[in-house]
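1. Below is the structure, and that's it, no one-letter string:
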Ligand SMILES: O=C(O)Cc1cc(O)ccc1O
Ligand SMILES: [Fe+2]
């Protein structure tokens, strides 16, 4: 069960406790059912109304009742962007390995691997891109990210996310956003893999639509927020809270489940979205439109039109452009382009770019269709055609110049060293005697 809408003021009570939301005020002297009131602030108190975010949680015990945090192993999670020398090459990764549960039990936290990123959680400006590969549910353990928001893109295996706000089931081809500070626990049902875009110091918004009008792209009503769900569970053996703080992991113990929120209200919530609901706008005459037309969510910087990061998809659609090279153009960009593939193929590269893999085309690094794609589409008969049927590629596009981690460049052992070869056979078609043909 979910509530519909993007960034709404929601209110939700677990049906087992009718009347658990205080009426007419946030801080009654005594809350209904003897609950504690706790505010979760997702924006500075003084942000303009349009960007002000907070929720009020009415819970059995407040979050503050815990033992001290101590450092724990970060595995392959890092915010150190100086592990290896910069590398401006086109990078492509084969599908990232998922550990076999018979060999090693790995949960969502121990299965986090940072691929690349830039900026800094301390100065509250930057991004990180992580892969998660896991095979085991988090037991009596939850995660909170003090550093930023997670946009989670499942690629293999659905994940059941229990949050302080309720439960969300998120399947491949759906995405979800867990915003800064929201506690959650991930259950998995087999070998599980996905991508995470982490943004420090900004929240995701729907892009402005400009001349498109009031409707289109990702429509607000298709975003889903969970309803309140609580457990009043004492955990004598200890419940572990894992906190990502300033790029490092810390853990602490408490003797109760943090999913003890009986009722909540506010506009700062986790949410999910099914990519199938994206209303695709594209060219119906000629030329290849820039991929910004496929923006699902954007985390804006303070510079107009420049995103800290955009989440862009390449959904199934019709290709109808006349006298046009229809696939992506050759490109050098002042932004970084990290791509992933949820299922199927990507239109600019039929081979080599596989579901569960990735590519990174860094700032001003040339990229574009491989030789097969170029030759095929230069001579194709341009009838209306389904494009990207049964596939879903996506891009995390960022104004940050990202560094790749040691894991990404080396110890994941998934880097495709021959990636550059997909362009090597591009031929010189130049004909100095070419004459304009009469139209
Ligand atoms: O394939 C890519 O690298 C992404 C991309 C897609 C597109 O339609 C236009 C430009 C672009 O960089
Ligand atoms: Fe590009």
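-> All right, it came through fine. Quick caveat, the model's predicted, so the values are computed rather than measured. Ligands and ions are numbered 1, 2, ... in the order given.
2. who's in contact with the residue nearest to residue 47 when sequence neighbours are not counted?
-> Using C-beta to C-beta, 6 or more residues apart in numbering and skipping residues adjacent in sequence, the residue nearest residue 47 is residue 53, 7.6 Å away. Any C-beta I mention is one placed from the backbone N, CA and C, and that applies to glycine too. Contact analysis of residue 53 by C-beta atoms under 8 Å, 6 or more residues apart in numbering lists 7, 41-43, 47, 179, 203, 266-268.
3. List the buried residues in the longest strand along the chain.
-> Scanning the chain for the strand with the most residues, using DSSP state E, yields strand 234-245. For strand 234-245, a neighbour-count test (16 or more other C-beta atoms under 10 Å) marks 239-244 as buried.
4. Ok, stretch 162-181 next?
-> Counting neighbours by 16+ other C-beta under 10 Å, one finds that the buried residues in stretch 162-181 are 162-168, 170, 172-181.
5. try stretch 374-381
-> By neighbour count on 16+ other C-beta under 10 Å, the buried set for stretch 374-381 is 374, 377.
6. Give me the contacts around that stretch.
-> Applying C-beta under 8 Å, 6+ apart, the contact partners of stretch 374-381 are 325-327, 368-369, 426.
7. And ligand 1, is that stretch touching that?
-> No - judged by C-beta under 6 Å from any ligand atom, stretch 374-381 makes no contact with ligand 1; its nearest approach is 12.5 Å.
8. Briefly note if the strand or helix carrying residue 299 comes near ligand 1.
-> Using DSSP states H and E, residue 299 maps to strand 295-300. No - on the criterion C-beta under 6 Å from any ligand atom, strand 295-300 is out of touch with ligand 1, staying 12.0 Å away.
9. Packing partners of the helix or strand following that strand?
-> Using DSSP H and E, the next helix or strand after strand 295-300 towards the C-terminus is strand 307-314. Contacts defined by 3 or more C-beta pairs under 8 Å, 6 or more residues apart in numbering; DSSP states H and E place strand 307-314 against strand 125-134, strand 192-200, strand 295-300, strand 392-398.
10. Turn these into CSV, including distance to ligand 2.
-> Formatted as CSV, the helices and strands packed on strand 307-314 follow (distance: least, C-beta to the ion, whole Å):
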stretch, distance to ligand 2
strand 125-134, 16
strand 192-200, 17
strand 295-300, 14
strand 392-398, 8
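11. Do a quick rundown of the helices in the protein.
-> Ranges of helices in the chain, per DSSP state H, are 371-379, 406.
12. Make JSON lines out of those and add distance to residue 297 and mean pLDDT.
-> Below are the helices of the chain laid out as JSON lines (distance: least, C-beta to C-beta, whole Å; pLDDT from 0 to 100):
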{"stretch": "helix 371-379", "distance to residue 297": "28", "mean pLDDT": "96"}
{"stretch": "helix 406", "distance to residue 297": "29", "mean pLDDT": "98"}
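13. Out of these, which gets nearest to ligand 2?
-> helix 371-379 (13.9 Å; C-beta to the ion).
14. Ligand 1 versus the residue of the stretch 251-400 of the chain found nearest ligand 2, what's the distance?
-> Residue of the stretch 251-400 of the chain nearest ligand 2, by C-beta to the ion: residue 331 (3.8 Å). Between residue 331 and ligand 1 the distance, using C-beta to the nearest ligand atom, to the nearest Å, works out to 4 Å.
15. so what's that residue up against?
-> 361, 366-368.
16. repeat for residue 230
-> Applying C-beta under 8 Å, 6+ apart to residue 230 gives the contacts 14, 16-17, 59-60, 259-262.
17. tally of neighbours for the residue in the chain that ligand 1 sits nearest to?
-> Residue nearest to ligand 1 within the chain (C-beta to the nearest ligand atom): residue 328, separated by 3.4 Å. Number of residues near residue 328 (other C-beta atoms under 10 Å) recorded here: 18.
18. Equivalent analysis for residue 413, please.
-> Applying other C-beta under 10 Å, we find 10 residues neighbouring residue 413.
19. Nearest residue to it in space, please, no chain neighbours.
-> Nearest to residue 413 is residue 97, by C-beta to C-beta, 6+ apart, at 7.9 Å.
20. could you list every residue that touches the one you found?
-> Listed by C-beta under 8 Å, 6+ apart, the contact partners of residue 97 are 133, 412-414.
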